[in-house]
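Novice: Okay, sequence plus prediction incoming.
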Amino acid sequence: MTTTFWLTATLLVALALAFILYPLFFNRAAKRAQSDLRNHNLMAYRSRLAELDTEYAAGLVDDDNYQQLKDELAGGLLDDVSGLETAPRAVDSRRTAAIVVVLASVLLVPAAAVYLYQQWGAMERLEQWQTMTEMSATGAGRMAQMVELTQQLRQRLEASPANPDGWAMLARSYMRIEQYADAAWAFERLAEQVDEAGARAAAWGLVAQARFFDSRGEWTAAVNGAVDTARALNPDEVNALGLLGIRSFGEQRYEDAIQYWERIVAVAPDHPQLESIREGIKQAYANLGRAMPDAAVDRPDAVSAAGVTVTIELADAFAAEVPDDTVLFVFARQPGNSSAPPLAVARLTAADLPHTLRLDDRYNMTPSARLSDAERVRVVARLSRSGNPSAQPGDWQGQAADLLEVTDDSGPDTRIVIDQRLR
């Protein structure tokens with residue numbers, strides 16, 4: 001883009017200079033006019049001299065007058081020729097001055113244009129916009145191009161950082177290609193480019209979310225720091241509240257989880273994951289052994305019907321080992337990337353087994369990665385002794401033998417038997 005721009009600008013400047021220089025160096029009109037005037041004067045002299053000779057021969061002019069008139073004609077011709085010889089020197093002087101001015105312009109005008117464009121131009125913003133447009137048009141099957149465009153956008157934003165939209169797109173792109181540490185860094189740069197406290201809080205909430213994914217669901221000091229920063233700017237920042245609810249639920253602090261998630265319902269009634277949040281609240285109340293209050297009852301918001309149906313069972317060999325209150329996690333993941341956060345997670349207990357479950361968008365982890373957008377998923381069921389969603393030695397696990405197709409109809413359920421002990 002930069003090369004094309006400067007080549008085009010150079011050609012336009014050269015074309016403009018051609019219109020100025022050509023007449024200056026190749027214009028012969030002045031010389032032609034001088035030659036025509038000289039010939040006219042000479043013809044007039046010869047004609048008058050012939051008339052004078054005729055009059056002298058006829059006796060109309062005596063010797064003294066003839067010689068006097070002849071001298072006057074010769075003097076007039078000499079004056080005309082002298083004037084014509086002086087004119088080219090004046091023209092040449094003006095031409096020399098014009099050449100000096102033009103040559104100075106040839107050097108100074110392009111130099112001034114380049115300098116002023118570098119000072120006040122918007123080439124960096126234009127390149128950023130072009131890269132962002134190409135990234136928006138990149139299909140899901142062009143991951144290599146997506147990575148390359150993301151790197152280009154990062155370089156241009158580092159050179160010209162005053163572009164909040166660019167940082168937001170860069171961060172989302174890093175999330176899309178699962179470079180979560182880079183996504184967290186880009187969201188931090190976004191927070192630096194916005195002035196309004198609510199926008200900065202949202203950016204830091206997204207930093208926390210990216211760090212949470214990068215730690216594979218572990219609550220690290222980096223995650224906690226980002227959550228604290230977001231809530232210092234806005235105590236009701238929804239991404240931070242959501243992560244706090246997940247942490248509390250995983251640590252079996254169900255009252256705290258309910259408090260965080262109900263706050264999201266109150267401050268963000270149009271949240272895209274509202275159904276999943278209400279499902280989490282409902283499960284937290286169930287784990288407390290309490291009925292869900294009428295004020296918090298789930299509402300039938302629109303959720304995509306696409307999903308998978310599984311029936312989970314515990315192998316007879318482990319039936320006597322697993323306490324009824326052991327937490328059961330059911331994960332649906334994109335195939336081929338076991339390190340990425342799951343698309344959907346459901347939480348039950350061992351007492352619920354055997355259990356038939358419909359995994360759909362109600363159980364999505366994030367708004368940007370929906371189960372209904374996947375074609376096939378791998379489903380894993382894990383009984384966690386610690387209540388932590390990350391696999392630990394001693395946990396019991398099972399998974400579907402094949403990838404499950406995500407469909408709109410429930411269809412026949414797939415049987416998953418928890419028959420492994422992790423070591």
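Specialist: Yes, it's here. Numbering: from 1, shown residues only.

Novice: and the biggest strand by length in the chain, average pLDDT?
Specialist: Counting residues, the longest strand found in the chain (DSSP state E) is strand 376-384. Regarding strand 376-384, the rounded mean pLDDT is 93.

Novice: Now it: buried residues?
Specialist: 377-384 (16 or more other C-beta atoms under 10 Å). Every residue, glycine included, has its C-beta placed from N, CA and C.

Novice: By average pLDDT, which secondary structure element in this structure comes out worst?
Specialist: Between all helices and strands in the chain, the lowest mean by mean pLDDT, DSSP states H and E belongs to helix 123-136, at a mean of 50.

Novice: C-terminal to that one, which secondary structure element comes first?
Specialist: Going down the chain from helix 123-136, the next helix or strand is helix 143-159, by DSSP states H and E.

Novice: Could you look up the next helix or strand downstream of that next one?
Specialist: Later in the chain than helix 143-159, the nearest helix or strand by DSSP H and E is helix 164-176.

Novice: Now tell me what touches the longest strand of the chain from outside.
Specialist: Strand 376-384 has contacts (C-beta atoms under 8 Å, 6 or more residues apart in numbering) with 308, 310, 312, 314, 322, 326-335, 343, 350, 359, 371, 391-392, 395-400, 403-406, 414, 416, 418.

Novice: Need the buried residues of strand 376-384 in a markdown table (columns: distance to residue 149).
Specialist: Formatted as a markdown table, the buried residues of strand 376-384 follow (distance: C-beta to C-beta, whole Å):
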| residue | distance to residue 149 |
| --- | --- |
| 377 | 28 |
| 378 | 29 |
| 379 | 33 |
| 380 | 33 |
| 381 | 38 |
| 382 | 37 |
| 383 | 43 |
| 384 | 39 |
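
Novice: Next, give phi and psi for residue 255.
Specialist: When read as degrees, to the nearest 10, the backbone of residue 255 gives phi -60, psi -40.

Novice: gap between it and residue 288?
Specialist: Distance, residue 255 to residue 288, by C-beta to C-beta, to the nearest Å: 7 Å.

Novice: cool, residue 170 as well?
Specialist: According to C-beta to C-beta, residue 170 and residue 288 sit 42 Å apart.

Novice: one step back: of the contacts of strand 376-384, buried ones?
Specialist: 308, 310, 312, 314, 322, 326-334, 343, 350, 359, 371, 395-400, 403-404, 406, 414, 416, 418.

Novice: other SSEs contacting the strand or helix carrying residue 347?
Specialist: In the assignment (DSSP H and E), residue 347 maps to strand 344-349. Where contact means 3 or more C-beta pairs under 8 Å, 6 or more residues apart in numbering; DSSP states H and E, strand 344-349 is packed against helix 274-287, strand 327-333, strand 355-359.

Novice: and the angle from that strand to strand 376-384?
Specialist: Put simply, strand 344-349 runs at 30 degrees to strand 376-384, going by axes from the mean of the first three to the mean of the last three C-alpha atoms, to 10 degrees.

Novice: per-residue confidence averaged over strand 344-349?
Specialist: Computed over strand 344-349, the average pLDDT equals 84.

Novice: could you give the angle of that strand to helix 274-287?
Specialist: Using the same axes, to 10 degrees, strand 344-349 lies at 10 degrees relative to helix 274-287.

Novice: Please verify my assumption that residue 283 contacts residue 349.
Specialist: No: Residue 283 is beyond contact range of residue 349, at 9.7 Å (criterion: C-beta atoms under 8 Å).

Novice: what's the spacing between residue 168 and residue 234?
Specialist: Taking C-beta to C-beta, one finds residue 168 at 17 Å from residue 234.

Novice: The helix or strand following the longest strand of the chain pairs with which strands?
Specialist: Once the chain leaves strand 376-384, the next helix or strand it forms, by DSSP H and E, is strand 396-399. According to DSSP bridges, strand 396-399 forms sheet pairs with strand 376-384 (antiparallel), strand 420-421 (antiparallel).

Novice: so which of these gets nearest residue 192?
Specialist: The closest of the strands paired with strand 396-399 to residue 192 is strand 376-384. By C-beta to C-beta, the value is 37.1 Å.

Novice: Dump that closest one to PDB, keeping only the CA atoms.
Specialist: What follows is strand 376-384, C-alpha atoms only, in PDB (Å, rounded to 0.1, in the frame of the first residue of the first chain):
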ATOM      1  CA  ARG A 376     -18.700 -31.400  15.700                       C
ATOM      2  CA  VAL A 377     -17.500 -31.500  19.300                       C
ATOM      3  CA  ARG A 378     -15.700 -33.800  21.600                       C
ATOM      4  CA  VAL A 379     -17.600 -34.400  24.900                       C
ATOM      5  CA  VAL A 380     -15.800 -35.300  28.100                       C
ATOM      6  CA  ALA A 381     -17.400 -36.000  31.500                       C
ATOM      7  CA  ARG A 382     -15.200 -35.700  34.600                       C
ATOM      8  CA  LEU A 383     -15.800 -36.300  38.300                       C
ATOM      9  CA  SER A 384     -13.600 -33.900  40.200                       C
END
